[in-house]
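Asks: here is my input, please return the structure:
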Amino acid sequence: MTARIERLVTSGQFTLDGGTWDVDNNVWIVGDDHEAVVIDPAHDAEAVLAAVGDRRVAAIVCTHAHNDHVNAAPALADLTGAPIWLHPDDLPLWQLTHPDREPDEHLVDGQVLEAAGADLTVLHTPGHAPGAVCLYDPGLGAVFSGDTLFQGGPGATGRSYSHFPTIIDSIRDRLLTLPPETKVLTGHGDPTTIGEESGHLQEWIERGH
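Replies: Predicted coordinates for the structure are as follows:
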């Protein structure tokens with residue numbers, strides 16, 4: 001059965017470097033009628049569980065470990081028994097939110113997570129965070145970009161653990177090489193496409209300096 005994509009928006013706060021901001025997060029649920037993968041369980045494990053319904057949660061995948069993307073992950077794991085996946089380069093960020101709970105599995109660049117009718121290829125895209133990843137499924141024609149690429153530009157790089165030249169390299173080398181019709185399903189805000197964003201790279205570089 002072909003996987004389908006559902007979006008749940010949850011609201012809460014992002015906290016880093018002593019600051020706190022109100023945010024709305026996209027939680028992406030990829031699956032068929034029987035099981036699902038949850039990408040970036042933000043703020044409200046019960047709301048995520050309600051959106052999943054009676055499907056089995058095969059995996060909880062975090063595109064990076066900023067608190068607003070992982071704060072509901074342990075609770076969702078406890079409710080479902082699903083493993084939490086995170087790139088190991090983001091463990092220092094993870095530990096700021098969850099010092100007493102490690103992720104269950106480490107994401108590796110190039111691996112394919114096969115579950116719930118989806119084939120999610122892990123693309124390590126550091127810059128917004130050291131262990132940031134995007135998840136590309138050519139069959140779905142979509143890449144889940146976390147906070148690496150948004151409609152209108154790269155994710156923020158003005159805080160700890162982030163680096164602007166690195167995120168530009170990640171976007172140019174790992175994302176803009178995808179087919180232009182690929183849907184970019186972002187961590188916040190509205191989706192875009194690779195084609196819509198690919199013409200703006202030089203503009204972003206000039207804006208970032």
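Asks: and the pLDDT for Ala116?
Replies: According to the prediction, Ala116 has pLDDT 88.
Asks: how about the strands of the chain, start to end?
Replies: Using DSSP state E, the strands of the chain run over 4-16, 19-31, 35-39, 56-61, 84-86, 105-106, 112-115, 118-124, 133-137, 142-146, 149-150, 153-154, 183-186, 192-193.
Asks: centre of the chain to stretch 126-146, how far?
Replies: Its chain's C-alpha centre and that of stretch 126-146 lie 6 Å apart, by CA atoms, centre = their mean, to the nearest Å.
Asks: in that stretch, which residues are buried?
Replies: Neighbour-count burial for stretch 126-146 flags 126-137, 140, 142-146 (criterion: 16 or more other CB atoms under 10 Å). For the C-beta atoms, the positions are set from N, CA and C on the backbone; glycine is no exception.
Asks: just stretch 194-209 next, same as before
Replies: Using 16+ other CB under 10 Å as the test for burial, stretch 194-209 gives Ile194, Glu197, Trp204.
Asks: which outside residues touch stretch 174-182?
Replies: With CB atoms under 8 Å, 6 or more residues apart in numbering as the test, stretch 174-182 has contacts from 123-125, 134, 136, 138, 141-143, 145, 148-149, 184, 193-195, 197-198, 201.
Asks: ok, 6 Å please
Replies: Applying CB atoms under 6 Å, 6 or more residues apart in numbering, the external contacts of stretch 174-182 come out as Leu123, Thr125, Gly141, Val143, Leu149, Ile194, Gly195, Ser198.
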